[in-house]
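Visitor: model this:
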Amino acid sequence: MECVTETLQLVPALTRPDLLAPAVAAELRGWEGERPVEQVAVAEIDPALADTAQFCARYGVAPEESANCVVVAGRRGGESRRAVCVVLSTTRADVNGVVRRILDVRKASFLPVEEAVTETGMEYGGITPIGLPVGWPVLVDRAVAESDRVVVGSGVRRSKLWLPGALLAGLPAAEVVDGLGRPAAG
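Guide: Next up, the predicted model:
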């Protein structure tokens, strides 16, 4: 199969709210005057290529520049605990090690797709740490936080956001975590 690289047109995210989930657009508008929202760009993509490997191959983005955002959950004393993990796409979130300990639960697992979509108000394959429900911890792997520029979802499958990792690490509910991302098995 031939690899075809398409050109991405990056524009300031708030100039294209049609490419953002409503909660993402609302949070970014709230950044104005508070955080450098002008450093957040968006690009329209083919929604069929939103999954990381396909996206990176088609658009020529290095996997180490792309971050995955996954929703995890666990229970403790009848209470459900949620968190979002942001790790480079070359790694996998250490859900039953690091995340389990942070959430203080016996077992943590990925939230089922339907629940993740319903609770975040975002599309599967586009879930992002920007615009999440209030009170959800955002666990950001140190490698993401230290990235000059990283690609994440936009809340919808038809676009991606580009921004400095420091902006993700600076989200109000964010915690930078060493060792959150473990090398992906080859």
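Visitor: wait, what's in contact with residue 146?
Guide: 165-166 (CB atoms under 8 Å, 6 or more residues apart in numbering). Placement of C-beta: from N, CA and C, glycine included.
Visitor: which stretches of this protein form strands?
Guide: 11-12, 41-44, 67-76, 79-88, 91-93, 108-110, 138-141, 150-153, 159-163, 174-177, 181-183 (DSSP state E).
Visitor: So which of these is nearest residue 126?
Guide: Closest approach to residue 126 among these is made by strand 150-153 (4.1 Å; CB to CB).
Visitor: CA atoms of the closest one as PDB?
Guide: The C-alpha coordinates for strand 150-153 follow below in PDB (Å, rounded to 0.1, in the frame of the first residue of the first chain):
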ATOM      1  CA  VAL A 150       1.900  18.000  20.300                       C
ATOM      2  CA  VAL A 151      -1.200  16.900  18.400                       C
ATOM      3  CA  VAL A 152      -4.300  15.900  20.300                       C
ATOM      4  CA  GLY A 153      -8.000  15.400  19.500                       C
END
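Visitor: how deep is residue 171 tucked in, by neighbour count?
Guide: By other CB atoms under 10 Å, 19 other residues sit near residue 171.
Visitor: Please give me every residue in contact with it.
Guide: 129-130, 138, 140.
Visitor: Mind doing that once more with 6 Å?
Guide: residue 138 (CB atoms under 6 Å, 6 or more residues apart in numbering).
Visitor: from now on call the first residue 11
Guide: Noted, 11 is the first residue going forward, which turns the last one into residue 181.
Visitor: those helices in this protein, which residues are they?
Guide: Using DSSP state H, the helices found in the chain span residues 32-41, 62-69, 110-113, 123-130, 152-155, 175-179.
Visitor: Right, I'll call it a day here.
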